[in-house]
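[1] fold the following for me, if possible:
(one chain, ligands or ions: 3)
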Amino acid sequence: MSQDLKAAALEYHAKPRPGKLSVEITKPTKTSRDLSLAYSPGVAEPVREIAKDPENAYKYTGKGNLVAVISDGSAILGLGNLGPLASKPVMEGKGVLFKRFAGIDVFDIEVDSESPQAFIETVERIADTFGGINLEDIKAPECFEIERALIEKCSVPVFHDDQHGTAIVTAAGMINALELQGKKIEEATVVCLGAGAAANACMKLLISCGVRSENIFMLDRKGVIHSGRDDLNQYKAMFANDTDKRTLDDAIDGADVFVGLSGPDLLSGEQLKKMAPNPIVFACSNPDPEISPELANSVRDDLIMATGRSDYPNQVNNVLGFPFIFRGALDVRATAINEEMKVAAVHAIRELAKEPVPQEICEAYGVDKFEFGREYIIPKPMDVRLLEVVPAAVARAAVDSGVARDPYPAHYPLKSMDDII
Ligand SMILES: NC(=O)C1=CN([C@@H]2O[C@H](COP(=O)(O)OP(=O)(O)OC[C@H]3O[C@@H](n4cnc5c(N)ncnc54)[C@H](OP(=O)(O)O)[C@@H]3O)[C@@H](O)[C@H]2O)C=CC1
Ligand SMILES: CC(=O)C(=O)O
Ligand SMILES: [Mg+2]
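    Ligands and ions are numbered 1, 2, ... in the order given. Next up, the predicted model:
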């Protein structure tokens, strides 16, 4: 990051008021009558109603539009395990995105937990406050057990964004990129650098979209995950490939696709040169990708290049997923975010990239036009049509798959933020 951008980022977070979010009041509070409704004695009435029937919390409190963004700070972006407090700017950032793109209120919660069990117990005890739980930046393998246990224990949807949000957006972008590069998904060879939360979920979803598991070469810090290794946990073992490839150099030779979900600057220009013609590189580590677009574009002119960042073309980032997926899930009071809802989100995002892009979206990004192609494989986060198509697809899938407690919303599809109720 340039010195200019670093200084601007600190200034942005510090001034004029520290942080990026505040809490707002949604009811009149001007008169003493207002206060006697908002607080004592009036507040006793919704208390009694909720005590009689917990479902009334959706009617009388903000629960139904409130998501907890919860982290232990063990895998903050690609920066590593820097602890819960250091994760707060990211969690507040997720809150900003939930609110800005889908009108969802967020409390960010940073948990200082000594074990996955302590984390699970903490979240379980506060889960009913919220309409949904978005787990964020929790490292593998602990994240898998944490998510599994919380899904079982909580009555509201629990979604580990780094797994499923990332996987949904990656799959959407990948299907489009393969099409543009003239590659068949079932023939593509995929190198996945990283074997953690995001990598595991991305590769699983790509397999369910058609990638063959024997065509995936996943690597952790020790190299290729292969069937001869005896140091693999159960989550990595799922991807053990019966291969004699051992290093990134071996795996990248002739590969069609590189997916980076690991850390900065781990793919060299020399390695990129060894990929098959018309390669696809999703260097998704944040903030610094596995290879910079400048370097990648200087060594190949036939590639599709994506990063997780806002300042390059093709932003493959879970921001395209979680605000809109939770919008749809909350609006039908889904009890879970299941596979059907995830797949519906993939296709809604993917198909939107092929639609003509309205002028105001181009203007927001300072370009004349966006057109489906190598530099535009996936919609832009500022594209308000995401709010129209993704929640609708997710809500429909929730209803059809039987996890919705409310019917498909009568006010859908959402044409703008003003339509959110
Ligand atoms: N663009 C997006 O939307 C998203 C991007 N990401 C990015 O993905 C990355 C991983 O996040 P997440 O899965 O949550 O974190 P995890 O901690 O769960 O996983 C990190 C993985 O990266 C591997 N890794 C780290 N350094 C290297 C290296 N030098 N060589 C090979 N493998 C390495 C680790 O290997 P080992 O198992 O051996 O420790 C581990 O498997 C981050 O950079 C993050 O920013 C994550 C979510 C969304
Ligand atoms: C984008 C995101 O969630 C991450 O990099 O962890
Ligand atoms: Mg994350």
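[2] C-alpha from now on. contacts and neighbour counts both.
    Will do.
[3] number of residues surrounding Tyr129?
    For residue 129 the amino acid is Thr, not Tyr. 17 (other C-alpha atoms under 10 Å).
[4] and Asp418, what's its pLDDT?
    With respect to pLDDT, Asp418 scores 96.
[5] what about it, is that helix, strand or coil?
    With DSSP: H, G, I helix; E, B strand; the rest coil as the basis, Asp418 sits in helix.
[6] near ligand 1, which residues of the stretch 301-421 of the chain are found?
    Proximity of the stretch 301-421 of the chain to ligand 1, by C-alpha under 6 Å from any ligand atom, involves residues 308, 316-318.
[7] who wins on neighbours among the residues you listed?
    Val316 (30 neighbours).
[8] got a list of what the closest residue to that residue other than its chain neighbours touches?
    Spatial nearest neighbour of Val316, chain neighbours left out: Gly308 (4.9 Å); criterion: C-alpha to C-alpha, 6 or more residues apart in numbering. Contact analysis of Gly308 by C-alpha atoms under 8 Å, 6 or more residues apart in numbering lists 283-287, 289, 315-317.
[9] mind checking which of those residues land in strands?
    Ala283 (DSSP state E).
[10] mind putting the contacts of Gly308 in a markdown table, pLDDT included?
    Shown next, in a markdown table, are the contacts of Gly308 (pLDDT from 0 to 100):
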| residue | pLDDT |
| --- | --- |
| Ala283 | 98 |
| Cys284 | 98 |
| Ser285 | 98 |
| Asn286 | 97 |
| Pro287 | 97 |
| Pro289 | 98 |
| Gln315 | 98 |
| Val316 | 98 |
| Asn317 | 98 |
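[11] distance to ligand 3 added to the contacts of Gly308, as a markdown table?
    Below are those laid out as a markdown table (distance: C-alpha to the ion, whole Å):
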| residue | distance to ligand 3 |
| --- | --- |
| Ala283 | 15 |
| Cys284 | 11 |
| Ser285 | 10 |
| Asn286 | 9 |
| Pro287 | 11 |
| Pro289 | 14 |
| Gln315 | 14 |
| Val316 | 12 |
| Asn317 | 9 |
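[12] so which elements touch the longest helix seen in the chain?
    When the chain is parsed with DSSP state H, its longest helix is helix 385-401. Using 3 or more C-alpha pairs under 8 Å, 6 or more residues apart in numbering; DSSP states H and E, the elements in contact with helix 385-401 are helix 322-331, helix 339-352.
[13] need the winner for burial among these.
    Highest mean neighbour count among those (mean count of other C-alpha atoms under 10 Å): helix 322-331, with a mean of 27.
[14] near ligand 2 at all, it?
    No. Taking C-alpha under 6 Å from any ligand atom as the criterion, helix 322-331 and ligand 2 are apart, separated by no less than 9.7 Å.
[15] quick check: angle from that helix to helix 385-401?
    Helix 322-331 runs at 40 degrees relative to helix 385-401, counting by axes from the mean of the first three to the mean of the last three C-alpha atoms, to 10 degrees.
[16] report the rounded mean pLDDT for helix 322-331.
    The model assigns helix 322-331 a mean pLDDT of 98.
[17] from the chain's centre, how far out does the longest helix of the chain sit?
    16 Å (C-alpha atoms, centre = their mean, to the nearest Å).
[18] would you mind naming what in the chain lies close to ligand 1?
    Residues of the chain found near ligand 1 (C-alpha under 6 Å from any ligand atom) are 75, 77-78, 137, 139-140, 162, 166, 193-199, 219-222, 261-263, 284-286, 308, 316-318.
[19] filter those down to the buried ones, PyMOL style.
    Here is the PyMOL selection string for the buried members of the residues of the chain next to ligand 1, based on 16 or more other C-alpha atoms under 10 Å:
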select buried, resi 75+77+78+137+139+140+162+166+193+194+195+196+197+198+199+219+220+261+262+263+284+285+286+308+316+317+318
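[20] ok, now how distant is the residue of the chain found nearest ligand 2 from Ala397?
    Nearest residue of the chain to ligand 2, counting by C-alpha to the nearest ligand atom: Leu77, 3.5 Å away. Distance from Leu77 to Ala397, counting by C-alpha to C-alpha, to the nearest Å: 30 Å.
[21] how about whichever strand or helix holds Tyr58: buried residues?
    Element membership of Tyr58 [criterion: DSSP states H and E] is helix 56-60. Of the residues in helix 56-60, 56-57 count as buried by neighbour count, 16+ other C-alpha under 10 Å.
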